[in-house]
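# coords below, sequence missing:
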């Protein structure tokens, strides 16, 4: 096997990939996602399992690679950062179409349910689809950078996540609570202490469900609440906690925790710009 083939095999099994390969060679990680997406998209017809894999991979690629790159590039090269956000936007748009098609197959009236005040007949088997479609909608809103045609979809994000939580709140070891943190912090009708209390509620649920092994909720809270309310000590405390985490404790969370640690490191480097005192 040649060196490129070996690297690709390692990335394909990224739970055992050395951290330095992920952190120091982001292009290889990006290459892994691109190849995985391409291999699915080039197939003539996908079954439901393959569609779900493509939906999940596009959303992970959009958030974990493209938007992370965009956020960092914005400070250095604004237009290049926008280009990267546009790449993410296209992945999220594709993911939305895939997620909707999956749910329409199992629930023919899904379109009407999503935009009307109707009671759905979902089961726990639908949680995966509801969650990843909600994440795709959220990613499209974020990467569109203010596009009003995407912002109007924010209530759909809440509806998808809230429906999933009613079916099984502990699904994904806090993933639904983490998703609700992001959704709640984006709601324009919440502000001040009400916003803070609402996000804190889901934050507490998220870290409890994952036994504090998921770095995501800590970084999300630091950005959405500690930064907004200028709580510098809490901001630094949470991000330092993330940096001190042992990513080897939970193999399922390893890659996302490494990405979260890199974001925490980047955020801490910008502390003087974020806080006014």
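Nice, I can see it. Note that the structure is predicted; figures quoted are calculated from it, not measured.

# where does the stretch 1-150 of the chain dip in pLDDT?
Applying pLDDT under 70 to the stretch 1-150 of the chain flags residues 1-26.

# hmm, try it at 90
Along the stretch 1-150 of the chain, the parts satisfying pLDDT under 90 run over 1-32, 44, 74-76, 116-120, 146.

# where do the helices sit along it?
All helices of the stretch 1-150 of the chain, identified by DSSP state H, counting those that start in this stretch, fall at 3-12, 19-24, 26-41, 48-61, 68-76, 78-106, 110-115, 127-144, 148-151.

# same for the very next helix or strand once past the shortest one, what does it pack against?
Translated: helix 148-151. The helix or strand immediately downstream of helix 148-151 is helix 154-167, counting by DSSP states H and E. Judged by 3 or more Cβ pairs under 8 Å, 6 or more residues apart in numbering; DSSP states H and E, the packing partners of helix 154-167 are helix 110-115, helix 127-144, helix 175-186. From N, CA and C alone the C-beta is placed, and that goes for glycine too.

# ok, now with 6 Å
On a contact count with 3 or more Cβ pairs under 6 Å, 6 or more residues apart in numbering; DSSP states H and E, helix 154-167 meets helix 127-144, helix 175-186.

# who's in contact with the first one?
For helix 127-144, the surrounding residues in contact (Cβ atoms under 6 Å, 6 or more residues apart in numbering) are 55-56, 59, 62-63, 85, 88-89, 92-93, 95-96, 99, 102-103, 150-151, 153, 156-157, 160-161, 163-164, 167-168, 171.

# what angle do it and helix 175-186 make?
Per axes from the mean of the first three to the mean of the last three Cα atoms, to 10 degrees, the angle that helix 127-144 makes with helix 175-186 is 30 degrees.

# What are the buried residues along helix 127-144?
Within helix 127-144, the residues scored as buried using 16 or more other Cβ atoms under 10 Å are 127-144.

# Stretch 63-73: end-to-end distance?
One end of stretch 63-73 to the other measures 15 Å (Cα to Cα, to the nearest Å).

# re the thing from before, possible to save the helices and strands packed on helix 154-167 as JSON lines with distance to residue 229?
Shown next, in JSON lines, are the helices and strands packed on helix 154-167 (distance: least, Cβ to Cβ, whole Å):
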{"stretch": "helix 127-144", "distance to residue 229": "21"}
{"stretch": "helix 175-186", "distance to residue 229": "11"}
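
# which one is residue 87 nearest to, not counting chain neighbours?
Nearest residue to residue 87, sequence neighbours excluded (Cβ to Cβ, 6 or more residues apart in numbering): residue 66, at 5.2 Å.

# so residue 95 touches residue 56, yeah?
No - counting by Cβ atoms under 6 Å, residue 95 does not reach residue 56; the two are 8.5 Å apart.

# before we move on, back to that, nearest to residue 218, out of the helices of the stretch 1-150 of the chain?
Among those, the nearest to residue 218 by Cβ to Cβ is helix 68-76 (16.4 Å).

# Show me what the closest one packs onto, helices and strands only.
Right, helix 68-76 is packed against helix 78-106 by 3+ Cβ pairs under 6 Å, 6+ apart.

# mind listing what's buried in the helix it packs on?
Buried, per 16+ other Cβ under 10 Å, within helix 78-106: 81-82, 84-85, 87-89, 91-96, 98-100, 102-103.

# same thing with stretch 190-207?
In stretch 190-207, counting by 16+ other Cβ under 10 Å, buried: 195-196, 198-199, 202-203, 205-207.

# Tabulate those in TSV, adding columns for pLDDT.
TSV is the format used below for the buried residues of stretch 190-207 (pLDDT from 0 to 100):
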residue	pLDDT
195	97
196	97
198	97
199	98
202	97
203	98
205	97
206	97
207	96
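
# out of those residues, who's nearest residue 229?
The closest of the buried residues of stretch 190-207, once distances to residue 229 are taken by Cβ to Cβ, is residue 196, at 6.4 Å.

# so what's that closest one up against?
residue 225 are the contacts of residue 196 under Cβ under 6 Å, 6+ apart.

# before we move on, which element is it in?
helix 192-209.

# related to what we said a few turns ago, look up how far residue 72 lies from the residue nearest to residue 87.
Between residue 66 and residue 72 the computed distance is 11 Å (Cβ to Cβ, to the nearest Å).
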